[in-house]
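**Student:** Following is a predicted model, sequence given first.
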Amino acid sequence: MKQSKTKQHIIEIASGLFYKNGYNSTGINEIIAEAGIAKATLYNHFKSKEDICLAYLKHKNEIFSNDIKIFCEERNSGKDRVLAVFDFLKAFFKQKDFNGCWCIKTVSEIPIDDVRIRHEIQLQKRQLIDFINDLLSQNIPDLSNDESQIISKQIYLLYESAVAESHLHQNDWPIIEAKNICKKIV
């Protein structure tokens, strides 16, 4: 494999393992075995497990950001496009390998002083708020910038709680109810 393909392969294998089993429960040797590579190959691409975790977080977020953007853009403009974030979540929940939010799972496993991973997760969550804010700004007329920022944070909190609770209950009712609340605030 070429170097970039090998690195991507490691990221994809580690991503699957971290998301399914958790960051702490996935060892370097398991990643090496699943990827079918030598230990030296892994360390040629990543200096530490933390570096692999950062690549995993970025990989998952890149896919998520692209998918949710495309999904929402396919909806009618206006409230439907804003509410589509919950329809996207419902479709995500129905996937056979749904295991909650990769960011929340990871942050719950790292020590409080692991700033690199925490900052990456915070960045991804700010990007989600910005995405929701853009949806609001483009689709809900007559909202001031301040109103849009406040409502985008409220929708974000609804979205995040729906992810966690649907994972906990193994049911989509939290997503449905979060969407119903969102309808009232937009």
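**Tutor:** Noted; the coordinates are in hand. Numbering: from 1, shown residues only.
**Student:** Contacts only, for residue 103.
**Tutor:** Counting by Cβ atoms under 8 Å, 6 or more residues apart in numbering, residue 103 touches 57, 61, 121, 124-125. No exception for glycine: its C-beta is placed from N, CA and C like everyone else's.
**Student:** Specify the local secondary structure of residue 112.
**Tutor:** Here residue 112 is recorded as coil under DSSP: H, G, I helix; E, B strand; the rest coil.
**Student:** quick one: it from residue 48, how far?
**Tutor:** Distance of residue 112 to residue 48, computed by Cβ to Cβ, to the nearest Å: 18 Å.
**Student:** The two: who's more crowded?
**Tutor:** residue 48 (11 against 7; other Cβ atoms under 10 Å).
**Student:** Model confidence at that one, what's the number?
**Tutor:** Looking at residue 48, its pLDDT stands at 96.
**Student:** which of the contacts of residue 103 count as buried?
**Tutor:** The neighbour-count test (16 or more other Cβ atoms under 10 Å) marks 57, 61, 121, 124-125 as buried among the contacts of residue 103.
**Student:** which helices and strands sit right next to the helix or strand where residue 68 lies?
**Tutor:** When elements are assigned from DSSP states H and E, residue 68 belongs to helix 49-73. On a contact count with 3 or more Cβ pairs under 8 Å, 6 or more residues apart in numbering; DSSP states H and E, helix 49-73 meets helix 3-21, helix 79-93, helix 102-107, helix 115-139.
**Student:** For the ones you listed, give me JSON lines that also has distance to residue 169.
**Tutor:** Formatted as JSON lines, these follow (distance: least, Cβ to Cβ, whole Å):
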{"stretch": "helix 3-21", "distance to residue 169": "19"}
{"stretch": "helix 79-93", "distance to residue 169": "11"}
{"stretch": "helix 102-107", "distance to residue 169": "15"}
{"stretch": "helix 115-139", "distance to residue 169": "22"}
